[in-house]
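> Here is a sequence together with a model predicted from it:
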Amino acid sequence: MDGTDSGKGLLINLGNREFFPKNNLKLMMPVSRLVLSITLTFVVIFSTSSLTAHPGGLDKNGGHVDKSTGKYHCHRANCVVPAEARVERGTVTVAVPKFRRREWGDWKDADNDCQDTRAEVLQRDSLVAVTFKNAKACVVTKGQWHDPYAGDQFQRAFSLDIDHIVPLEWANNHGGGTWPAERKQQFTNDLDNLVAVGAGVNRNKGAQGPDKWLPPEENFRCLYLAKFLNVYKKYDLQFFAAEQQGITAIATSCDLSL
């Protein structure tokens, strides 16, 4: 047996075997604990990643579309969710451009008679001849309107909104987002898609489709859906797969088809 200084303490040779004395083993224990700690941390991180992972490769941005929800999300720290979210329409994942109201334009005076689309709808829907603000007959101020959504009656035009039966944002998210500006503005001013209703009920509806919102007036619901589907088909819009079942059930009860 002989002893040598290894730089780590006394190393003792016993024939072909070598060992560190007990004091040196105490010095080695903190190192062992450190290695064990690092190993456990790696295992936990790896396990957590495995549990939160789901099918679908990552794109160059470090994210992807979750096939179960149709939504885009990130997996890397430097990933940024694109301005264009991805959604599931039917069985195909498609990009939906962000809705920008200004791209859809304002009311137009299509026949150059100084009456814009709002004035045209107010005249069309009034049960009596309307009254204008002045002799120029451009702005409607009074009439007699029946709100088909809620069944309310109105005499003053300022109490009314002109509702897009198929909301602009809904159209944007269901195929219209990629239209050129001219077609978007045509949609905004399409009289087939417009109706004069009370401001309150219109704002309660917002941008919801018929699977989420129908008029409070039950007797008008089927006619509302018929008008909605007419515009939907006219502009070749598309329901999402998640909406299809609910809307089909409502349409069937109204003897309508998608």
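That came through, no problem.
> Okay, now the sheet partners of the longest strand along the chain, with direction.
Taking DSSP state E as the criterion, the chain has its longest strand at strand 140-146. Sheet pairing for strand 140-146, assigned by DSSP bridges, gives strand 131-132 (antiparallel), strand 153-156 (antiparallel).
> any residues touching it, and which ones?
The set of residues external to strand 140-146 that reach it, using C-beta atoms under 8 Å, 6 or more residues apart in numbering, is 115, 118-119, 122-123, 125-133, 152-158, 160, 196. Backbone N, C-alpha and C define where each C-beta goes, glycine included.
> now those residues: which count as buried?
115, 118-119, 122-123, 125-126, 130, 132, 152, 154, 157, 160, 196 (16 or more other C-beta atoms under 10 Å).
> any idea how far residue 211 is from the closest residue to residue 125 other than its chain neighbours?
In space, residue 125 comes closest to residue 196 once its chain neighbours are excluded; the distance is 4.2 Å by C-beta to C-beta, 6 or more residues apart in numbering. Separation of residue 196 from residue 211 (C-beta to C-beta, to the nearest Å): 24 Å.
> Same question for residue 117.
Taken as C-beta to C-beta, the span from residue 117 to residue 211 is 27 Å.
> repeat for residue 116
32 Å.
> Repeat that for residue 236.
19 Å.
> And residue 114, by the same measure?
Residue 114 is 39 Å from residue 211, by C-beta to C-beta.
> So which of the two has more stuff around it?
residue 211 (17 against 12; other C-beta atoms under 10 Å).
> And that one, what's its pLDDT?
Residue 211 is assigned 96 on the pLDDT scale.
> Any chance of the backbone angles for it?
Dihedral angles of residue 211 (phi, psi; degrees, to the nearest 10) stand at phi -80, psi -20.
> mind starting the numbering at 401 from now?
In the new numbering, first residue 401, that becomes residue 611.
> For it, give me its contacts.
643, 646-647, 650.
> and the closest residue to it other than its chain neighbours, how many neighbours?
Nearest residue to residue 611, sequence neighbours excluded (C-beta to C-beta, 6+ apart): residue 646, at 4.1 Å. Neighbours of residue 646 under the rule other C-beta under 10 Å: 14.
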